[in-house]
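Student: this one's sequence-less:
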Ligand SMILES: O=P(O)(O)O[C@H]1[C@H](OP(=O)(O)O)[C@@H](OP(=O)(O)O)[C@H](O)[C@@H](O)[C@H]1OP(=O)(O)O
C-alpha cells in the first residue's frame, strides 16, 4: 500500500498548520503522516536486508511514553494565559470570541504529565506495527518461551504506556494480558536522575541553559510575543515568554490530546511556530543533547546495557536460540535524546545558540522529527549467514545510518564494524566514572 497520506496539515482543517513544529509535544503521526489514514500501516520494504538469508535474531526498542497531559508547571502557565485573555483581550475575530466565550480551561494541576487515552492508543498501535514489521521476533511464541522482556521507567506515563503496548500485542495474538510482565528500572530509564555530575552541572545549574535564556529575550522571540499581543489586542508587556510558551502548548496539547485545531493555534503563524520550535530545540540541545558532554555521557549505563544484550545475542545465535530476543524499554524524551547524542545522531556542524537561529533553519537536531510522543529507537540484529551479523538502527520506524558509517553496504553495517566504530565508548563510557563530580 502506498504509505502516503492525503491528510497533510496543509489541506486538513483539523490539523493545525503549525503541527509539525510542536517539538516534544508533537503527535507521532506528524512524523509519519501515512499513519493518519491507516494507524497500523507498515512498509517492510524499508528494511534493506543485504541478502535473503538474513533473519532477525534480536531487537531492542527504546520507546518514549505516549501522548500525555501537560505537567503541573505548564498547566499553571496555561491557566494564567487563559485568565489574561479572558480579562484583557479585545477583538472581534471569531477565534478570539471562541477562546473568550466558549473555550474552558479544563486542564488541572493533578494531571501532571499523566498518560491520556491517545497515549494508550499510541503504544497499542505501535506494538501492532512492530509485530507486523518483525513477526519472527515480536511473537506469541517468543513471549511464551520467555525470550521477550519489558523494562520501564517508574513514572506513571511510562508504566501505563508499557501496559498499553502489551495490550496491543495481547489483542493481536488474542491472548490474556496476564501473560505479560514488566520490570521497573529507573537506573536505566531515568539515568539522568542518578548521574551526580549531570544533576550538579546541568539540572541544578541555571547557567547551563543560558543560551535558552538569551534566546527567550532575543529579537526573534520578542517579535513573536509582540505579534501575539497584537492579535489579542493587549499591551506588549502582558505577553511574556512564558505566556507565548503557554499559548503554544495550549495549541499543541489540544491537538495531541483531543485532535482538535484549537482557536489557540490562531495566535501563531508559521514563522512564529518555527521560533517556538527552535526555543524548544535549544532547551533539549543544552539540557539533553550536544550542549554539554555530560548530557550524553549520563546515558553510558543504557549504552552498555544495549550492547551487552547485542553481544549475548551475537554469541548465542551461533549455537542455539537467543535468550533475550526482544527487549522493550519505555522511558522519556530525556532517556532517548542523550543516547542518540552519545551515538552521534543528528549532530550539526555548528551548535545551536541564541544567536544563530537563522543559519540553523536546516538543522538535523530537530526534536519535532526526532522525539514526538511514542518516539522509538530500534536496534535490530540480523544473522545474514555468510554475509555475517548486521545491525540496523531505526528511528520512528525509519532506517538510519550510524553517523560516520553511511555508505556501508546496503546501509545495514556489519555488527563487528559497528562495535569497531564505537570502540572508545565500548571500552570506556563508565557511568560511575563519567558521573562522579571530582
Ligand atoms: O516542559 P515540560 O514540563 O513538559 O517538560 C517535561 C518534559 O517534557 P518534554 O520537554 O520532553 O516535552 C518531560 O519529558 P517527557 O518525555 O517525560 O514528556 C520530563 O519528564 C519533565 O520532567 C519535564 O522536563 P523538564 O526538563 O523538567 O522541563
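Tutor: Great, that's in hand. Given the structure is predicted, the values throughout are model-derived calculations rather than measurements. Numbering: from 1, shown residues only.
Student: going forward, measure contacts and count neighbours with C-alpha atoms only.
Tutor: OK.
Student: for this structure, what lies in contact range of the ligand?
Tutor: Within the chain, the positions near the ligand by C-alpha under 6 Å from any ligand atom are 24-25, 70-71, 332-334.
Student: and the helix or strand residue 425 falls within, which residues are buried?
Tutor: Assessed by DSSP states H and E, residue 425 sits inside helix 423-427. Residues of helix 423-427 classed as buried: 425-426 (neighbour count, 16 or more other C-alpha atoms under 10 Å).
Student: burial of residue 46, as a residue count?
Tutor: Per other C-alpha atoms under 10 Å, the neighbour tally for residue 46 reads 12.
Student: over to residue 139?
Tutor: 19.
Student: Provide a list of residues in contact with the nearest residue to it once chain neighbours are set aside.
Tutor: Spatial nearest neighbour of residue 139, chain neighbours left out: residue 131 (6.8 Å); criterion: C-alpha to C-alpha, 6 or more residues apart in numbering. Each residue near residue 131 by C-alpha atoms under 8 Å, 6 or more residues apart in numbering is listed here: 137-139, 169.
Student: quick check: the gap between residue 131 and the ligand.
Tutor: Residue 131 sits 24 Å away from the ligand, going by C-alpha to the nearest ligand atom, to the nearest Å.
Student: residue 295 now?
Tutor: From residue 295 to the ligand the distance is 12 Å (C-alpha to the nearest ligand atom).
Student: wait, that residue sits on residue 340?
Tutor: No. The pair residue 295 / residue 340 is not scored as a contact, 10.8 Å apart, by C-alpha atoms under 8 Å.
Student: which one of those two has more residues nearby?
Tutor: residue 295 (30 against 21).
Student: next, the more buried one: secondary structure please.
Tutor: Applying DSSP: H, G, I helix; E, B strand; the rest coil to residue 295 yields a three-state assignment of helix.
Student: on that earlier part again, what helix or strand does the residue nearest to residue 139 sit in?
Tutor: Per DSSP H and E: helix 117-133 holds residue 131.
Student: quick one: the helices in the stretch 101-250 of the chain?
Tutor: Counting by DSSP state H, counting those that start in this stretch, the stretch 101-250 of the chain has these helices, from start to end: 117-133, 140-144, 156-173, 186-189, 196-198, 210-216, 219-232, 241-258.
Student: and the ones you listed: which comes nearest residue 312?
Tutor: Among those, helix 140-144 comes nearest to residue 312, with 16.6 Å by C-alpha to C-alpha.
Student: what about the protein, any weak spots by pLDDT?
Tutor: Applying pLDDT under 70 to the chain picks out residues 1-10, 50, 406-411.
Student: against residue 329, how distant is residue 376?
Tutor: Separation of residue 376 from residue 329 (C-alpha to C-alpha, to the nearest Å): 10 Å.
Student: touching both of those two, which residues are there?
Tutor: Shared contacts of residue 376 and residue 329, defined by C-alpha under 8 Å, 6+ apart, comprise 61-63.
Student: export these to a markdown table and tack on neighbour count and secondary structure?
Tutor: Compiled in a markdown table, the shared contacts of residue 376 and residue 329 are given as follows (neighbours: other C-alpha atoms under 10 Å; DSSP: H, G, I helix; E, B strand; the rest coil):
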| residue | neighbour count | secondary structure |
| --- | --- | --- |
| 61 | 21 | strand |
| 62 | 27 | strand |
| 63 | 29 | strand |
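Student: and which of those residues is nearest the ligand?
Tutor: The ligand has its nearest neighbour among the shared contacts of residue 376 and residue 329 in residue 63, at 9.9 Å by C-alpha to the nearest ligand atom.
Student: partners of the closest one in the sheet?
Tutor: In this entry, residue 63 is beta-bridged to residue 330, residue 376, by DSSP bridges.
Student: pretty sure it sits against residue 379.
Tutor: No. Taking contacts as C-alpha under 8 Å, residue 63 lies outside contact range of residue 379: 11.5 Å.
Student: just the strands in this structure please.
Tutor: 55-64, 148-152, 183-184, 326-331, 376-383, 389-395, 398-399 (DSSP state E).
Student: columns distance to residue 207 on top of these, output as JSON lines?
Tutor: Compiled in JSON lines, these are given as follows (distance: least, C-alpha to C-alpha, whole Å):
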{"stretch": "strand 55-64", "distance to residue 207": "28"}
{"stretch": "strand 148-152", "distance to residue 207": "31"}
{"stretch": "strand 183-184", "distance to residue 207": "33"}
{"stretch": "strand 326-331", "distance to residue 207": "27"}
{"stretch": "strand 376-383", "distance to residue 207": "31"}
{"stretch": "strand 389-395", "distance to residue 207": "32"}
{"stretch": "strand 398-399", "distance to residue 207": "36"}
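Student: residues in contact with the most centrally placed residue in the chain?
Tutor: Geometric centre of the chain, nearest residue: residue 371, 2.3 Å, by C-alpha atoms, centre = their mean. Contacts for residue 371 (C-alpha under 8 Å, 6+ apart) come out as 23-24, 26, 64, 333, 337.
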